[in-house]
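J.: Return a 3D structure for these sequence lines:
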Amino acid sequence: EDKVMSPALLVDLAKVRHNIDVVLGLMHGDANRWRPHLKTTKCSRVWLEALRAGVRHFKVATTREAAVLLRTVDELLVKEANEDGAPETDAAPAADAAPALADSARTPPTHPRMGDAIPELDPLCPVTPWSAVVDVLIAYPLVGPAMRRAGQLARSHPWARLSVLVECEEAAKDLPPRVGCFVDVNPGMNRTGINLGVAGDQGGSQRVVATVAAAGAAFRGIHFYEGHLAECCAAAGASAVEAAAAVVARGARCAEAYETLADVVVAVNLSRGSGAHVVVQEVVTSGTPGFTAALAFDLKAAVDARLDARTAGGTHAHVAHNPWPVHRVSPGTVVFHDWRGERQNPGMGLVPAAVLMARVVSIPAPGAVVTLDCGSKALAAEAGDPAGYVLGRPEWTAMACSEEHLPCAISPAGLAGDGGGSP
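T.: Sure, this is the predicted structure:
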């Protein structure tokens, strides 16, 4: 402890593995349903745990995150290739050795070892659950140099599948070679995506169809992030019954949004009759707050019901032979978990796997305030106040932080044994 500079992020890998297991348990062990967002964890050693658990689809926010993930898998490919060529030994691997992907019991037996020879992927061929070593979605509407950087990453990692978000025909037509796209649909969050409520000659769904047609064979699927449905169900003072009722109510609002999503999927699939020749392969929804509602929603049934109504109970004509879209969810904070996540989804069994180590550096108001050496540069201050909670000190309440300082208000009882001394 005395050798660690603060503030420092401390990650408990055993708890990371526990949280990954809990989330996969909610998916009945099907890692193919999960496309975790890596913008929270930002740590290749943690990403290796997801890879070891059988996860192959990922979501990132920046080209830099994508580059680090691809480099991490590059290094793992080399590591496994070297291990395959090394002489056999009875020595046990080091306790902190990076896990080999093929060691995971959850990895489907049809998936090759990371070190096996893998042919260069055709970026425009239909995607099967394990057809690539990794599948990375840069969940951002890239423009200019950022889009060119995505193209560079795709060219330099032919064993990976790389996609970006688009929300207009012009962007869909301007994709670099080997880069796929997900059409971003705005479910009401009003941050990015095609607004389905826009009035006009064609309407929102037809704008989606037109963008899909412009993308052609580069089209991968629909991105639909309902991040505005994110209230904390276990609010302060709420009983367990009230929290459970709030979860159900939020789930109902999520289901309404997914019904709209089903309308979009049907509109795209039926558009194949006009010569677009594309089909929705994947739908990506849901961060940490709403992913359990997404897992409970039967998208296939919703799409089927609409197709039955549109075709008068027929065989869905030209869409019947196509695979139904994989509905993947993208919670990422669940890997580390935090107090806000616990209040959003209470009682899920997740545990905090990452904490920030800080030290008291000042007592500016003896008996009332102490200051820790962590501020907005070390904490996710954009989540609002309080930006954190001090473990083991429930009587300390975090106040508004500045860049390098976090003052904490302390109840009189909290300083009773501290003596008001120096930090």
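J.: And residue 391, which helix or strand is it part of?
T.: Per DSSP states H and E: residue 391 is located in neither a helix nor a strand.
J.: Name the nearest residue to it, ignoring sequence neighbours.
T.: residue 355 (6.5 Å; Cβ to Cβ, 6 or more residues apart in numbering). For glycine as for every other residue, the C-beta is placed from the backbone atoms N, C-alpha and C.
J.: Any idea what the one you found is bridged to?
T.: Beta-bridge partners recorded for residue 355 (DSSP bridges): residue 10.
J.: measure it to residue 339 for me?
T.: 11 Å (Cβ to Cβ, to the nearest Å).
J.: Quick check: residue 185 touching residue 221?
T.: No. Using Cβ atoms under 8 Å, residue 185 is not in contact with residue 221, being 10.6 Å away.
J.: Now do the shared contacts for the two.
T.: In terms of Cβ atoms under 8 Å, 6 or more residues apart in numbering, residue 185 and residue 221 are not both contacted by any residue.
J.: List the residues that contact the residue nearest to residue 391.
T.: Each residue near residue 355 by Cβ under 8 Å, 6+ apart is listed here: 9, 10, 391.
J.: would you turn these into a markdown table with distance to residue 365 and pLDDT?
T.: A markdown table is the format used below for the contacts of residue 355 (distance: Cβ to Cβ, whole Å; pLDDT from 0 to 100):
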| residue | distance to residue 365 | pLDDT |
| --- | --- | --- |
| 9 | 28 | 94 |
| 10 | 28 | 95 |
| 391 | 22 | 89 |
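J.: Among those residues, which one lies nearest to residue 78?
T.: Within these, the smallest distance to residue 78 is 27.0 Å, found for residue 9 (Cβ to Cβ).
J.: What is the neighbour count of that closest one?
T.: 12 (other Cβ atoms under 10 Å).
J.: Could you do residue 401 as well?
T.: The number of residues packed near residue 401 is 23, by other Cβ under 10 Å.
J.: That one contacts residue 381, correct?
T.: Yes. Assessed by Cβ under 8 Å, residue 401 is found in contact with residue 381 at 5.7 Å.
J.: what do those two both touch?
T.: Here residue 401 and residue 381 have 375, 387 as joint contacts, going by Cβ under 8 Å, 6+ apart.
J.: Could you list the buried residues of stretch 57-73?
T.: Residues 57-63, 65-70, 72-73 are the ones in stretch 57-73 that count as buried (16 or more other Cβ atoms under 10 Å).
J.: Look at residue 254 and tell me its secondary structure.
T.: helix (DSSP: H, G, I helix; E, B strand; the rest coil).
J.: Got phi/psi on the closest residue to it other than its chain neighbours?
T.: Using Cβ to Cβ, 6+ apart and skipping the chain neighbours, the partner closest in space to residue 254 is residue 293 (3.7 Å). Main-chain torsions, residue 293, degrees, to the nearest 10: phi -70, psi -40.
J.: Number of residues surrounding residue 301?
T.: Count around residue 301 with other Cβ under 10 Å applied: 11.
J.: Report the separation between it and residue 257.
T.: From residue 301 to residue 257 the distance is 16 Å (Cβ to Cβ).
J.: List the buried residues for stretch 21-39?
T.: By 16+ other Cβ under 10 Å, the buried positions in stretch 21-39 come out as 23, 24, 26, 31, 32, 33, 34, 35, 36, 37, 38, 39.
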